[in-house]
Structures are given as structure tokens and as C-alpha cells.
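K.L.:
Sequence below, structure please.
(one chain, ligands or ions: 1)
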Amino acid sequence: MSAIPDYRFDGRVAVVTGAGRGLGRAHALQLAERGAKVVVNDLGGTKEGEGSDSGPANDVVREITAAGGSAVGDTHNVGTEDGCHALVETAVREFGRIDIVVNNAGISRFATFPEADADNLERTLDVHLRGTWHTTRAAWPHMTEQGYGRIITTTSTGMFGLPDNLAYATAKGALIGFTRSLAIEAEKHGILVNCVAPNAVTRPSTSAAKPNITTNTLDEARLQALRTELVSPMVAYLAHEDCSVNGEILVAGAQRFARWFLGVTPGYQSPGTATPSVEEIAQHWGAITDEGDYYVPKSLHEWTAKYMAHLGA
Ligand code: NAD
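P.N.:
I've put the predicted structure just below:
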């Protein structure tokens, strides 16, 4: 096996949102260590998204520059459209361009129905979904003009079912639709868009309001395996110019990296042209849900070609 050359980011400019703590900090340190100029964005609030503090962003900038890297801090709120545009302006003003956006900032407001109200939903969507949308959209004209860009979004395996953090799982699900659809548009501009589902012990994992995680009972080996920096190599790979992956979802952390994909069962095809009955659905439930021979469409068009194959071209 031939040796893979070092993945360097010299001359590249990266924006990492929520980089003052947790996973964002680890992503920013990794990109900076490999030569990227990094905008360390962080509003610095609580894990529920209350308040602000310039300390976390400034601390990470100090850490990067002390190690010989290049970084500037930015405390704009990605939960507002203006904040996202101002953040991208920071990158262009300070470093002259923008090549990489790591949409990582997040909050966690644990609640299920009926406690999860409109305020919970909107505040969660503001940071996770709208923050990603507006930051990416602000960077877009710069990337299309230079014919190059790498965008990373952050979802969560909470998507598999996380009832006690309903708005969070909802926002993270929306990001998968965003990533996959934007990836198709992006490719013709030399831009790649991928999604990371991290797995690491951070502030939200240690919340007393998160009863399904018992961080306090995790042994030392497990805590070591769940270090944030074990997620960042995947983010850096997806952010690199040699990467050709697009529209994918990658799970990373705990010393494992995996592909998460959206598959469809071949299902059951009702014979003839008569309207299928409800009883027919019940009778063929096994075939409808049988995961054998599932397929993984890359786009709506690929799905259509498979799902409607029996109708002919
Ligand atoms: P964290 O709380 O340690 O870090 C998130 C950072 O985002 C904080 O420093 C916070 O100040 C910042 N932030 C929040 N709202 C912001 C805003 N409006 N503008 C700018 N900055 C803001 O949490 P983390 O675990 O490192 O989470 C990072 C991302 O990874 C989040 O999107 C989270 O949902 C996702 N995630 C984490 C895990 C995990 O295992 N830790 C699992 C799945 C997904």
C-alpha cells in the first residue's frame, strides 16, 4: 500500500461555528494544526443557548496561535441570519477568502411532548438548522466564484430516535435533507457538502437533564474513547481538497468511523391496476418492510428510477 501524503490545509480558510468548546474546538485545532487559517466562532452561551461570553472563542484562538497556528475569534450568533453573514464577513475581511465551513454550533433543550413548545422548537431550529442554512448561504457566493468549497454539517444519531430531545432530533433530521439536496447543486461549482454524526463526551452529554446518558458512570477507558478529537479526523478529511465524497452522512467517534445511509426496501407491488385494499397492505406487511435487497438512492431521480421501474421508462 502506497503512503498517503499528509493532508494539509495551507492557504485554506475555515470557519468553524461553535468552536469555543467541545467538538468545534477539536475541529478548529485539527484544521489549524494542519495549516488552515481558522475563524473560531462561538457565542459562548449555556448548553441550552442562554447568554453569551467571548471567553471560549478567545481561549481557542489563544491555543491555536500559541501552537504557531493562525486564527481569529468571532462571537456572532449563528441563530440569526445577520450573525451568519457577519461571521462569513469576518473570514473574508481577516483572511481574504473562505474555503471551508464546518457548521457545528449547537444547543440542547431537553423536552418531549407536550413540554416541547414553540419556543423550544424555534430556538433549536434557529441554531442548528437556520444557522447552518444561513452560514452556508453567506459563504456560497464566495465559494461559487472561486469554484471551490467544502461544507460540513452536523447531524446526530439522535435521529434514530431521541424522544426526550424532540426539537433537537427534528432539527438534525432536517439537516440531512439539506445536506443531500445541496450536495447535488454544489458539485457543479466544485463544492462538496457532507454531514457528520459525532459521538463524544461534551457539555450536553454531562447534563443532569439528560437522563439517558450516565456520563458520571462512564469508566476512564470509555471517557478516553469518547474524546472530541477522535471525531475531528473525519471532519478534516471531508474538508480537504483531495476528498471527493459528496452528499454522505458519516458517523464518527469512539475510535470508529462509519457510513450512515438512507435505504429503501424493494417493497410489495400490488398486481394489476385495481386500487389496493387496506387488507392487502396488512397481508403484505412482511414484503413491504423486508430489508433484503434494499437500495440506497443518491437522489430523488435515482429513487424514482427504482421505485417506478415496473412502470417502464
Ligand atoms: P458543546 O455545547 O460543547 O459545544 C457547542 C458550542 O456551540 C458551544 O461552545 C456553544 O457556545 C456554541 N454555540 C451554541 N449556540 C451558538 C450560536 N447561536 N452561535 C454561535 N455559537 C453557538 O456541544 P458539542 O457536543 O461539542 O456539540 C457540537 C455539535 O455536535 C452540535 O451541533 C451537536 O448537536 C452535535 N452533536 C454532538 C454529539 C456528541 O456526542 N457530543 C452527538 C451528536 C451531535
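
K.L.:
Find the nearest non-adjacent residue to whichever residue of the stretch 201-313 of the chain sits closest to the ligand, please.
P.N.:
The ligand sits closest to Thr202 of the stretch 201-313 of the chain, with a gap of 3.2 Å, by C-beta to the nearest ligand atom. Yep, even glycine has a C-beta here, placed from its N, CA and C like the rest. Spatial nearest neighbour of Thr202, excluding adjacent residues (C-beta to C-beta, 6 or more residues apart in numbering): Gly22 at 3.7 Å.

K.L.:
so the one you found touches Val201, yeah?
P.N.:
No. Here Gly22 does not reach Val201: they are 9.1 Å apart, not a contact under C-beta atoms under 8 Å.

K.L.:
Up against the ligand, what does the stretch 151-300 of the chain have?
P.N.:
Within the stretch 151-300 of the chain, the positions near the ligand by C-beta under 6 Å from any ligand atom are Thr154, Ser156, Pro198, Asn199, Ala200, Thr202, Arg203, Pro204, Ser205.

K.L.:
In contact with the residue nearest to Thr202, which residues?
P.N.:
Ala200, Thr202, Arg203, Pro204, Thr228 (C-beta atoms under 8 Å, 6 or more residues apart in numbering).

K.L.:
ok, then the element right after the strand or helix carrying Gln224?
P.N.:
Assessed by DSSP states H and E, Gln224 sits inside helix 220-225. Using DSSP H and E, the helix or strand that follows helix 220-225 in sequence is helix 232-239.

K.L.:
Whichever helix or strand comes after that following helix packs against which elements?
P.N.:
Going down the chain from helix 232-239, the next helix or strand is strand 249-253, by DSSP H and E. Judged by 3 or more C-beta pairs under 8 Å, 6 or more residues apart in numbering; DSSP states H and E, the packing partners of strand 249-253 are strand 191-198, helix 232-239, strand 256-260.

K.L.:
Count the residues that sit near Leu218.
P.N.:
The criterion is other C-beta atoms under 10 Å. On that basis, Leu218 has 16 neighbouring residues.

K.L.:
ok, now which ones touch it?
P.N.:
Val201, Leu226.

K.L.:
any idea how far it lies from Gly49?
P.N.:
25 Å (C-beta to C-beta, to the nearest Å).

K.L.:
ditto for Lys306
P.N.:
Using C-beta to C-beta, Lys306 is found at 41 Å from Gly49.

K.L.:
Check Val92 too.
P.N.:
27 Å.

K.L.:
Who has more neighbours out of the two?
P.N.:
Gly49 (19 against 16).

K.L.:
now this structure, which segments are flagged as low pLDDT?
P.N.:
Where the chain drops to pLDDT under 70, the residues are 1, 206-217.

K.L.:
which residues in the chain form helices?
P.N.:
Secondary structure of the chain by DSSP state H: the helices cover 22-33, 55-66, 81-95, 118-125, 131-146, 166-187, 220-225, 232-239, 278-283, 285-289, 300-307.

K.L.:
Could you give the number of residues near the residue in the stretch 51-200 of the chain that the ligand sits nearest to?
P.N.:
Closest contact between the stretch 51-200 of the chain and the ligand, by C-beta to the nearest ligand atom, is at Gly106 (2.6 Å). Look at Gly106: counted by other C-beta under 10 Å, it has 27 neighbours.
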